[in-house]
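build the 3D model from these lines:
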Amino acid sequence: MLRLLAQSRCRLARRTDPITTVRYSSLHTARLLASQIRVFYGSQTGTAHGFASEFADEAEYEDISAEVIDLKDFDPAIHMDPHTPSVFFLANYGQGEPTDNAKKFFAWSQSEQDAAKIVKDVPFAVFGLGCKRTHASNFNIIGIKVDKALHEMGANRLHEMILGDDSDCIDVQFDEWQSEFIPQLKEWLKQNSNSGDNDSGTKTSSDTAQTQADQADTVQSSSSISSSESSVAALQTGASLRLLPTTDENAQQRPVLDHAAFIQQLDATAFFDPKPELKDVKLNSNVTPDSSRSMYHILFDNTTEPYHTGDHLGVYPSNSQQDVDAAMQLIDIGNAEWDIPIVVEKLNPSTRLLVPVDQVKGLTPQDWLKHALSLNSVPTPGALRRLATYCADSSEREALTHLSDSQRYKTEVAFKSLSFLEILQLYPSVRLPFADALTLIPPIRPRFYSICTSPRAHPDDVGLTYRLLEYTSPSTGKLRQGLCSSYLARHKVGTTVPIFPRESDFRLPFNPEHPAICVAAGTGIAPFLGFIEEHRYVDPEHLQPLTLFYGMRDETEFAHKDTVLRAAEEGVISLFLGFSEKTPDGTPPIMLDALLEQHAQEIWDLFQKGGHMYICGGASNFGQAIGKFLTQKLFPTVGGMTMEEADRYFLDIRSSGRYLEDTSD
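Residues are numbered from 1 along each chain as shown. Down below sits the predicted model:
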């Protein structure tokens with residue numbers, strides 16, 4: 001197995017121009033020309049970005065210089081080179097769409113006229129990121145299309161595309177793939193090296209570029225050291241960062257910054273991308289007070305951020321103080337203090353960082369720990385191997401190393417969602433320096449929720465419905481809470497939360513005479529609450545009621561009960577309820593798929609009238625179960641189709657936007 005190089009993640013490149021006119025600094029250009037491979041990522045929530053950075057770090061440990069590039073900065077004239085392998089990490093978004101930062105690249109890759117003359121002979125490989133259990137019909141479709149297009153236009157495929165599957169431990173797939181691919185890549189570079197044939201002593205362009213990059217690094221490093229506190233003894237030195245005391249004579253112990261102040265401190269960096277708006281909480285109430293699984297309705301003041309019914313809302317959370325206090329007992333802070341501001345400096349200016357700790361001064365280690373590092377994220381196999389190197393106890397070191405083995409990782413880490421914090425608690429001899437924690441623990445990423453309001457009914461606010469996730473850790477036996485749901489639940493009226501809207505394709509039919517068939521489970525009711533509000537603005541003469549199938553365990557989980565029942569009484573919706581464990585009237589419980597079967601003829605009739613079906617919520621295989629009901633029962637039995645015809649019809653309604661999923665993944 002390849003070891004993870006103890007370096008940081010990637011810094012985000014910035015883009016200000018269209019795809020053909022990206023501008024770079026001279027330092028970046030020199031490094032780009034000197035890099036032996038280019039690693040691109042199309043990422044919506046940060047996973048592909050993290051994989052790209054980890055892959056580049058592994059490559060550099062094997063003496064392969066790498067540059068990590070955000071696909072929003074992609075410029076084919078600059079980045080496509082037949083002598084430089086390109087490695088793409090491509091995630092799907094929504095119903096098989098490219099991620100926001102990869103849209104222009106994807107459109108370019110599918111345009112043979114524009115791309116063919118540039119990609120010929122360019123060596124490449126694609127690692128796709130998808131979830132087969134929740135999005136089987138468009139699983140990894142973006143990566144597949146890009147891989148196919150590049151190959152057909154004459155690019156040189158170095159490795160068969162990997163169909164990374166988040167429902168089948170994608171971390172192990174990535175770890176095994178890079179362990180196989182990096183040696184192959186190294187051999188390809190050796191065989192295709194220009195410098196190997198240069199016996200005259202004349203420098204190649206790659207040599208010159210590397211010299212320019214080294215000189216630029218030296219100049220930047222010298223400048224940084226001369227203008228910083230580097231002449232002062234370091235408080236802690238890690239593998240790629242050092243902690244230095246601040247020169248601010250007024251710096252003193254202080255409480256941790258609140259989240260709003262931290263976000264404002266980082267406003268000039270690319271850490272929060274997209275940048276959120278701090279919005280006041282107007283309401284945050286438990287809408288299932290009698291249930292053991294609490295669901296909340298939270299409403300934010302919103303007069304500046306436009307959104308559409310059915311869109312998502314991104315939330316940037318921070319760690320609970322309880323988790324931060326636990327981590328501070330387990331992470332080695334060296335000679336620094338958790339509550340006194342520090343300066344963080346790179347040992348090598350080319351070090352990649354996902355958290356811009358070197359760009360912001362005046363923050364304490366506790367500020368970074370609380371608001372930037374994802375303590376409850378699950379470490380990758382490579383991260384576990386790195387953590388093992390910090391074990392003082394040899395038996396713990398061996399056990400932690402074995403935990404990174406593929407099968408053990410799946411059962412003991414991924415399946416149990418074993419977090420960084422829990423690893424530190426279970427292996428107390430790990431003395432992870434804070435300087436290395438800043439590069440090893442991934443950053444906190446935004447969480448996305450379906451908006452449960454309509455801007456027509458709520459022109460000055462926007463709302464979410466969320467479940468407070470609580471469970472007992474199978475590894476430690478301690479109560480754990482979801483990072484973002486517990487973060488939201490802690491906010492009272494008048495406090496602020498960083499949020500931003502994200503466009504979704506969950507839209508009511510353009511033609512209001514086309515029926516909407518809505519299938520919800522649990523908090524999946526959220527977008528349909530917005531649909532109900534939106535539907536009240538439709539001309540009554542052209543209105544066909546929404547049909548809502550809503551599944552829950554028992555009546556205590558009936559979120560927004562009064563709103564839903566009133567809509568049914570007013571004829572805005574046709575309502576069918578399924579209680580899987582206990583019914584209000586004592587009748588036998590019924591699962592949601594069985595409820596759909598009971599009303600199969602009605603559903604088929606709605607499809608025949610141009611109906612659109614929307615699926616939201618449920619377990620990770622919820623959408624797949626509904627798809628099977630349609631293709632294996634409804635279409636063949638009621639619609640009279642053969643199985644082949646049913647599959648084709650299902651693909652047709654998906655591709656035409658008449659079947660949409662917004663399910664857990």
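
where does this protein have its least confident helix or strand?
Least confident helix or strand of the chain, by mean pLDDT, DSSP states H and E, is helix 205-226 with a mean of 43.

just after that one, pick out the following helix or strand.
Counting by DSSP states H and E, the next helix or strand C-terminal to helix 205-226 is strand 236-237.

can you list the strands that the helix or strand following that following strand pairs with?
Of the helices and strands lying after strand 236-237 in sequence (DSSP H and E), the nearest is strand 241-245. Taking DSSP bridges as the criterion, strand 241-245 forms sheet pairs with strand 236-237 (antiparallel), strand 342-346 (antiparallel).

got a list of contacts for strand 241-245?
Residues outside strand 241-245 that contact it (C-beta atoms under 8 Å, 6 or more residues apart in numbering) are 8, 228-230, 232, 234-237, 334, 336, 342-347, 351, 357-358, 365, 434-436, 438-439. To be clear about C-beta, it is placed using only N, CA and C from the backbone, and glycine gets the same treatment.

what sits against Arg445?
Contacts of Arg445 by C-beta under 8 Å, 6+ apart are Thr45, Gly46, Ser374.

doesn't it belong to a strand?
No. Secondary structure of Arg445 (DSSP: H, G, I helix; E, B strand; the rest coil): coil, not part of a strand.

from Gly382, how far out is it?
19 Å (C-beta to C-beta, to the nearest Å).

ditto for Ser406
Computed as C-beta to C-beta, the Ser406 to Gly382 distance reads 12 Å.

ok, those two, which is more surrounded?
Ranked by neighbour count (other C-beta atoms under 10 Å), Ser406 and Gly382 place Gly382 first, with 24 against 15.

name the nearest residue to Ala116, ignoring sequence neighbours.
Met153 (4.3 Å; C-beta to C-beta, 6 or more residues apart in numbering).

so who does that neighbour touch?
For Met153, the contact set (C-beta under 8 Å, 6+ apart) comprises Glu112, Ala115, Ala116, Val119, Lys120.

repeat that for Arg157.
For Arg157, the contacting residues are Phe124, Ala125, Asp147, Leu150, His151, by C-beta under 8 Å, 6+ apart.

for Phe528, give me phi and psi.
phi -80, psi -20 (degrees, to the nearest 10).

wait, it sits on Cys616?
Yes. Contact criterion C-beta atoms under 8 Å: Phe528 and Cys616 qualify, at 7.0 Å.

show me which of these two is the more surrounded one.
More crowded of Phe528 and Cys616, by other C-beta under 10 Å: Phe528, with 30 against 25.

separation between the nearest residue to that one once chain neighbours are set aside and Asp168?
Spatial nearest neighbour of Phe528, excluding adjacent residues (C-beta to C-beta, 6+ apart): Cys518 at 4.7 Å. Separation of Cys518 from Asp168 (C-beta to C-beta) stands at 30 Å.

of the two, who's got more company?
Using other C-beta under 10 Å, the more surrounded residue of Cys518 and Asp168 is Cys518, with 25 against 14.

returning to what we had before: which residues do Ser406 and Gly382 both contact?
Contact with both Ser406 and Gly382 is made by residues Asp175, according to C-beta under 8 Å, 6+ apart.
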